[in-house]
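Enquirer: Here is my input; please provide its structure:
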Amino acid sequence: MLSKTRLLFNTIKFLKPIQIEYRLYYFARKKIRDSIGKKPLLFKESSANGLNLKESIHIADSYKSKNKFSFLNLEKQFENKIDWNCSTHGKLWTYNLTYFDYLSHTNQKDSLYLVKSFVEHISTIKDGLEPFPISLRGINWIKYFSYSQIRDKNIENSLYAQYYILLDNLEYHLLGNHLLENGFSLLFGAYYFEDEVLYKKAKEILLKQLEEQILDDGAHFELSPMYHQIMLFRVLDCINLVQNNSWKEHDLLAFLRDKSELMLGWLESISYKNGEIPLFNDSTNGIAPISAELFSYANRLNIKSNKLPLSKSGYRKISKKNYECIIDVGNIGADYIPGHAHADAFNFELQINGKPFIVDTGLSTYETNSRRMLERSTCSHNTVEVNGINQSEVWGGFRVGNRANIIALNEEIGAIRATHDGYKKENIYHTRKWLFEENSIVIEDSLNKSALAVARFHFHPNISEEEILTYLEVNEEAIQFEKYNYSPEFNITKEAVILNVYFNNHLKIKINIKLSQA
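Expert: Next up is the predicted model:
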């Protein structure tokens, strides 16, 4: 009990007061409303206006056929009618069902059937009426009905009511990308219904949160490349909205364009030449628009990137003729919303000749289970684990207690050296140095005192043990090969090889880069 209490305290102490206040407020308010039987208004008289929008990005098709859906690589066929509360595959799957990202891939008959089914059963819907799915669904419905020039008074009245449910439940208890999603959607709702109340709150959220959440080098402060792509997509959609509709005479446009240019620049910096992103923190494939789609969308909106040197985000990319290496020498972000962070200080990925070589283990689930815990743990990253403990106290599905801090960082041409204090309770400090040559990388790990340490290197499934030994120079008596599950997408795992290198004080490994034959 004491350990759990301590862990909870170490987590809560990083929260902002507003997060605690709103958690208590929403909890008490629910108790009162439940006791008097107060229910949310599900239909609200509205006056909607179709919007002018340039072509956006079409999310991957997840509606397979009549009442058949596939999200997160898990399929579900509903027999007679759609169960909008279906929990068979977990809450995130249910969320995806109610996002309606799939509207752009359905014909008009199916689209109206799906939306009308949701509206018909709205009084019974649970997860789908939480603020986050309302936010995503609102944007998707408005975009689809504007592109298709569809008007339906019953649907519009339902959507308008949903926006006021959202307004009543804004995610100040979470902040981060959740509150930003609320703000993005409120802006769409404000324009669609020409609602000053929605607009005022949308503007307040976006001005404050984008200013805080977009770092000086353009990164989204939760430091997930995947979430950065998602947030950039939303900013571009909002630019599309404001730029092509005159209701507010382009108010917010300059601000949004400035943030999008920074975000584009960071994405350009962090993306590999082949267009892929590193799967750092909670990042995976098949969820966000890919970098090429975002660059193309920005071009359609006449937005250019503002590419600044990687700095505040803590990521660095070293590009040579035959390899690209992206490393993490930053702190967990953000302090008060680290739910998508991993215990991964000094993690790195390496692509050789345009192909993945050393990879992050990826992300396969958001369920609170042993797999989620494993994927967030230090042992699942390309860094050093000391005495079998995590650098940062990751726990639950999205919690972090005490966390590793970067206490020293020195950067020179071709070399980076950093130290973190994630093992300070053991009176141990880990220093890692990378030396980047044209055709080799030298990695040196050192501890200030002896300990049971292991450096792990996770290889792409296409890389064999025999091939690894042709690249790496390391004391073979200290190594051990094992198998691990690489997760490039939700609910997909592929067996691959992990190299464990054991040491006490100091370790030096050299990776020789084979030259491209091109």
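
Enquirer: contacts and neighbour counts: CA atoms only from here.
Expert: Noted.

Enquirer: any idea where the strands of the stretch 1-150 of the chain begin and end?
Expert: For the stretch 1-150 of the chain, the strands defined by DSSP state E, counting those that start in this stretch occupy 63-65, 68-71, 74-77.

Enquirer: Now residue 484. Its backbone dihedrals?
Expert: Here is the backbone geometry of residue 484 (degrees, to the nearest 10): phi -140, psi 170.

Enquirer: For the spatially most central residue of the chain, which residues are in contact?
Expert: The structure's the chain has its C-alpha centroid closest to residue 227; by C-alpha atoms, centre = their mean the separation is 2.9 Å. Going by C-alpha atoms under 8 Å, 6 or more residues apart in numbering, residue 227 touches 220, 283, 288.

Enquirer: Got the domain ranges for the protein?
Expert: Here the domain parsing of the chain from automatic domain parsing is 214-312, 315-512.

Enquirer: mean confidence score for the shortest one?
Expert: Averaged across domain 214-312, pLDDT comes to 97.

Enquirer: So what pairs up with the residue lying closest to residue 62 once chain neighbours are set aside in the strands?
Expert: For residue 62, ignoring the flanking residues on the chain, the nearest one in space by C-alpha to C-alpha, 6 or more residues apart in numbering is residue 70 at 4.9 Å. Listed by DSSP bridges, the beta-bridge partners for residue 70 are residue 75.

Enquirer: that older thread, looking at the strands of the stretch 1-150 of the chain, spot the one closest to residue 206.
Expert: strand 68-71 (29.1 Å; C-alpha to C-alpha).

Enquirer: quick revisit: tell me which helix or strand comes right after the strand or helix carrying the residue nearest to the centre of the chain.
Expert: Element membership for residue 227, per DSSP states H and E: helix 225-243. Where DSSP H and E defines the elements, the next helix or strand beyond helix 225-243 is helix 253-270.

Enquirer: Looking at the contacts of residue 227, spot the one nearest residue 396.
Expert: Distance to residue 396 across the contacts of residue 227 (C-alpha to C-alpha) is lowest for residue 283, with 17.9 Å.

Enquirer: what helix or strand does that closest one sit in?
Expert: Using DSSP H and E, residue 283 sits within no helix or strand.

Enquirer: who's in contact with it?
Expert: Counting by C-alpha under 8 Å, 6+ apart, residue 283 makes contact with 224-227, 362-363.

Enquirer: repeat that with 6 Å
Expert: Listed by C-alpha atoms under 6 Å, 6 or more residues apart in numbering, the contact set of residue 283 reads 224, 226.

Enquirer: any idea how far the closest residue to residue 324 other than its chain neighbours is from residue 273?
Expert: Among residues not flanking residue 324 along the chain, residue 351 sits closest, at 5.3 Å (C-alpha to C-alpha, 6+ apart). For residue 351, the distance to residue 273 (C-alpha to C-alpha, to the nearest Å) stands at 10 Å.

Enquirer: Those two - which one has more neighbours?
Expert: Neighbours were counted for residue 351 and for residue 273 using other C-alpha atoms under 10 Å; residue 351 has more, 21 against 16.

Enquirer: ok and the helix holding residue 227 relative to helix 253-270, angle-wise?
Expert: Angle of helix 225-243 versus helix 253-270, following axes from the mean of the first three to the mean of the last three C-alpha atoms, to 10 degrees, is 150 degrees.

Enquirer: Please tell me how far helix 225-243 is from the chain's geometric centre.
Expert: Remark: helix 225-243 is offset 13 Å from the chain centroid, using C-alpha atoms, centre = their mean, to the nearest Å.

Enquirer: weakest of the strands of the stretch 1-150 of the chain by average pLDDT?
Expert: Among the strands of the stretch 1-150 of the chain, strand 63-65 has the lowest mean pLDDT, at a mean of 87.

Enquirer: Mind listing what's buried along that strand?
Expert: Residues residue 63 are the ones in strand 63-65 that count as buried (16 or more other C-alpha atoms under 10 Å).

Enquirer: How far away from the center of its chain is it?
Expert: That offset, for strand 63-65, works out to 26 Å (C-alpha atoms, centre = their mean).

Enquirer: tell me the mean pLDDT over stretch 506-518?
Expert: Across stretch 506-518, the average pLDDT comes to 81.

Enquirer: Closest one to residue 39 out of the contacts of residue 227, please.
Expert: Taking C-alpha to C-alpha as the measure, residue 39 lies nearest residue 288 of the contacts of residue 227, at 34.3 Å.

Enquirer: which non-adjacent residue is nearest that closest one?
Expert: Leaving aside its sequence neighbours, residue 288 sits nearest to residue 230 (C-alpha to C-alpha, 6+ apart; 5.4 Å).

Enquirer: How much space separates the one you found from residue 299?
Expert: 17 Å.

Enquirer: I'd like to know how many residues surround the residue nearest to residue 288.
Expert: 20.

Enquirer: Next one: it from residue 260, what distance?
Expert: 12 Å.

Enquirer: related to what we said a few turns ago, quick check, nearest of the contacts of residue 227 to residue 393?
Expert: The closest of the contacts of residue 227 to residue 393 turns out to be residue 283 (C-alpha to C-alpha; 19.4 Å).

Enquirer: Turn the domains of the chain into a markdown table, including distance to residue 159.
Expert: What follows is the domains of the chain, written out as a markdown table (distance: least, C-alpha to C-alpha, whole Å):
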| stretch | distance to residue 159 |
| --- | --- |
| domain 214-312 | 18 |
| domain 315-512 | 28 |
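
Enquirer: Residue 93: which of those domains is closest?
Expert: For these, the distance to residue 93 is smallest for domain 315-512, at 10.0 Å, taking C-alpha to C-alpha.

Enquirer: How far does that closest one sit from its chain's centre?
Expert: Computed by C-alpha atoms, centre = their mean, the chain-centroid distance of domain 315-512 equals 19 Å.

Enquirer: Now do the end-to-end distance for it.
Expert: End-to-end for domain 315-512, by C-alpha to C-alpha: 23 Å.

Enquirer: change the start of the numbering to 330 and stick with it
Expert: Sounds good: first residue 330 from here, last item domain 644-841.
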